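Enquirer: the following comprises the amino acid sequence and a computationally predicted model.
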Amino acid sequence: MLKTARLTLVEIKLFAREPLTAVFALAFPVLVLVVLAGVFGNTPDPTGKVWEGVGPIDYLVPGFLGLVMASIGFISLPVHLATYRERGVLRRFRSSGVTPASLLAAELCVSVLIATVGGVVIVVLGMGAMGAHGPASPLGVFVAYVLSAGCFVAIGIMLGAVMPNAQAAQAV
């Protein structure tokens, strides 16, 4: 357990050193949300034909929550794991006593933490500055968020496991 906690802290530091991952996970969804909020606003269509009578931001905020999770699962995590394999880091982990379960647990923790930070930024910005309405069932949203984040991280780990190198993982 101590090795997993230490490895998680190291992985968080490594994430902070990768500006491209931080941009795609945190800044890009916020930037696109701000642009689309400026274009569409959050006023529902009075006829109810567009956006089904709900403001556009109420649709966009959940979509960008998914974008944050997808950018972690499809961009960051597979490239990170494939780079570890390519550089021999996984072999060194194994020889130093770090189990695959510890590595996967650390990657899971870091990925969910990053996705949660990005998600909180999106929700706070959407609800606070852009007038998005809160969910009817916050508990349901939380459960769906946890399941979705777990699924995206699992897909990212699978992609990182089958991709031969970082370039292939980026291409996928």
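Expert: All right, it came through fine. Numbering: from 1, shown residues only.
Enquirer: could you use CA atoms for every contact and neighbour count after this?
Expert: Fine.
Enquirer: what is the burial count for residue 94?
Expert: 12 (other CA atoms under 10 Å).
Enquirer: check which helix or strand covers it.
Expert: For residue 94, the host element (DSSP states H and E) is helix 89-95.
Enquirer: contacts for that helix?
Expert: Helix 89-95 is touched from outside by 84-85, 99-100, with contacts defined as CA atoms under 8 Å, 6 or more residues apart in numbering.
Enquirer: any low-confidence regions in the protein?
Expert: By pLDDT under 70, the weakly predicted segments of the chain are 48, 50-51.
Enquirer: for it, just list every one of the helices.
Expert: For the chain, the helices defined by DSSP state H cover 2-16, 19-22, 28-40, 56-70, 77-87, 89-95, 100-124, 138-162, 166-171.
Enquirer: buried sites along the second one?
Expert: Right, helix 19-22. When burial is assessed from 16 or more other CA atoms under 10 Å, helix 19-22 yields the following buried residues: 21-22.
Enquirer: can you check the last one too?
Expert: Of the residues in helix 166-171, those buried under the neighbour-count criterion (16+ other CA under 10 Å) are 166, 169.
Enquirer: determine the set of other helices and strands touching that helix.
Expert: Packing contacts for helix 166-171, counted by 3 or more CA pairs under 8 Å, 6 or more residues apart in numbering; DSSP states H and E, involve helix 77-87.
Enquirer: against which helices or strands is the helix it packs on packed?
Expert: Applying 3+ CA pairs under 8 Å, 6+ apart, one finds that helix 77-87 contacts helix 138-162, helix 166-171.
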